[in-house]
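Undergrad: no FASTA, just this:
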């Protein structure tokens with residue numbers, strides 16, 4: 001029963017993971033286009049678009065948070081790898097659990113506190129792009145939620161004795177190569 005629920009949870013997170021990576025990739029491409037337009041406007045047209053910097057910063061947040069969340073799922077987050085390599089295997093596994101627990105709590109805290117910040121500025125308008133002020137914090141809120149969900153998935157894998165998601169995929173979505 002637990003195995004089926006965990007497989008269903010992981011399957012749903014597979015889709016969410018791919019969507020997050022897709023959003024990050026599209027945001028990166030759009031950010032490059034926006035910055036290129038800003039440079040063209042500044043040096044060729046002698047008229048820098050005022051909105052370009054705000055939009056590119058917002059897009060950068062989507063790039064970073066989506067990729068960071070996927071990195072948690074794939075096991076690229078900070079951990080105790082150096083220390084773990086010199087410890088006996090059972091203690092190393094304990095450090096994996098502690099690391100994943102810290103990452104999960106970090107994601108929950110980031111989502112909670114940036115949601116509070118977003119609600120504080122929800123009545124303001126970003127002057128250069130005319131969007132609600134809370135828009136700036138949405139990548140952090142969603143990224144925190146995703147980090148927590150992916151961390152929970154890793155913790156469930158530890159609790160049930162299964163492999164973490166990064167260890168079950170033949171080829172990871174992200175690589176550090």
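TA: Received, thanks. These numbers come from a predicted model, not from an experiment.
Undergrad: which helix is the longest one in this protein?
TA: Longest helix of the chain, by residue count under DSSP state H: helix 2-43.
Undergrad: so for it, mean pLDDT?
TA: Averaging pLDDT along helix 2-43 gives 91.
Undergrad: just stretch 73-86 next, same as before
TA: Stretch 73-86 shows a mean pLDDT of 77.
Undergrad: do stretch 124-140 as well
TA: 94.
Undergrad: just the terminal-to-terminal distance for that stretch.
TA: 18 Å (Cα to Cα, to the nearest Å).
Undergrad: also stretch 68-85?
TA: 24 Å.
Undergrad: packing partners for the longest helix of the chain?
TA: helix 51-73, helix 138-160, helix 165-168 (3 or more Cβ pairs under 8 Å, 6 or more residues apart in numbering; DSSP states H and E). Where you see a C-beta, it was placed from the backbone N, CA and C, and this is true even at glycine.
Undergrad: give me the distance between the most centrally placed residue in the chain and residue 103.
TA: The residue lying closest to the centre of the chain (Cα atoms, centre = their mean) is residue 69, at 2.7 Å. From residue 69 across to residue 103, the span is 10 Å (Cβ to Cβ, to the nearest Å).
Undergrad: and the residue nearest to the centre of the chain, what does it touch?
TA: 17, 20, 107, 143, 146, 147, 150 (Cβ atoms under 8 Å, 6 or more residues apart in numbering).
Undergrad: contacts only, for the first one.
TA: By Cβ under 8 Å, 6+ apart, the contact list for residue 17 reads 69, 70, 73, 150, 173.
Undergrad: what's the spacing between it and residue 62?
TA: 15 Å.
Undergrad: same deal with the fourth one?
TA: When distance is defined by Cβ to Cβ, residue 143 is 9 Å away from residue 62.
Undergrad: also residue 115?
TA: In terms of Cβ to Cβ, residue 115 sits 17 Å off from residue 62.
Undergrad: residue 41 now?
TA: 22 Å.
Undergrad: hey, what's in contact with both of residue 69 and residue 103?
TA: What both residue 69 and residue 103 touch, as defined by Cβ under 8 Å, 6+ apart, is the set residue 147.
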